[in-house]
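Asker: Test case, fold it:
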Amino acid sequence: MSERALTVSDQLVQLLALEFESLKSQDLDRFESLQPGKNDLLSELSALCPSPEDLQNLPEWDALRESLIQCRDMHRRNAVLIERKLDTIRGALHSLQVGESGSPVEVYDRLGQVARFSKGRGYQEV
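Answerer: A predicted model of the protein is given here:
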C-alpha cells in the first residue's frame, strides 16, 4: 500500500507543478481543468495514507512523508501566487472606483502581504 501512496503523491507533485505553471501564465481554463484530478488524487491519498502517528514514526513511510511535505509546500506556493494575483486585482479595482485622489499607497509587510496605508499617515506608521 505504501508504494501506491507514493505513486499517487508523485502524481500530485506533477499536477501541482502544472497548476503553478497555469497560474503563472494566467491560463485559468487549464487551472480549472486540473482541479478534478487534484481532488481525485487527494481523495485516494486520504484513503491510502496511514495514521499520522505511523507516518511520523515508521521508517517505511519516510519517502511518502517527504513527498507529502513537498506537496504541502507546492500547494502553499500556489496559494500565495493566487492571493497575490487577487490582491493585485483588488488594488486595480479599488483604484478604478476611488480615482487618483483617494488611491492608497501600497507597501509590503514582513510576510510579503500588501499592507495599504492612506497618504495622510506618517512614515513612522508605515
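Asker: quick one: the strands in the chain?
Answerer: 105-108, 114-117 (DSSP state E).
Asker: Longest helix of this protein, counting residues only.
Answerer: Determined from DSSP state H, the single longest helix within the chain is helix 62-98.
Asker: For it, name the packing helices and strands.
Answerer: When contacts are defined as 3 or more Cβ pairs under 8 Å, 6 or more residues apart in numbering; DSSP states H and E, helix 62-98 packs onto helix 2-24, helix 52-57, strand 114-117. C-beta coordinates here come from the backbone N, C-alpha and C atoms, glycine included.
Asker: out of the ones you listed, deepest packed?
Answerer: helix 2-24 (a mean of 17; mean count of other Cβ atoms under 10 Å).
Asker: Any stretches of the chain with poor pLDDT?
Answerer: 1, 98-107, 110, 115-126 (pLDDT under 70).
Asker: how about the helices and strands packed on helix 62-98 in JSON lines, adding distance to Arg84?
Answerer: Listed next are those as JSON lines, based on distance: least, Cβ to Cβ, whole Å:
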{"stretch": "helix 2-24", "distance to Arg84": "10"}
{"stretch": "helix 52-57", "distance to Arg84": "31"}
{"stretch": "strand 114-117", "distance to Arg84": "8"}
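Asker: quick one, which of the ones you listed is nearest to Ala92?
Answerer: The closest of the helices and strands packed on helix 62-98 to Ala92 is strand 114-117. By Cβ to Cβ, the value is 12.0 Å.
Asker: How far does the longest helix of the chain sit from its chain's centre?
Answerer: Its chain's C-alpha centre and that of helix 62-98 lie 4 Å apart, by Cα atoms, centre = their mean, to the nearest Å.
Asker: and it, which residues are buried?
Answerer: Buried residues in helix 62-98, counting neighbours by 16 or more other Cβ atoms under 10 Å, are found at Leu64, Arg65, Ser67, Leu68, Cys71, Met74, His75, Asn78.
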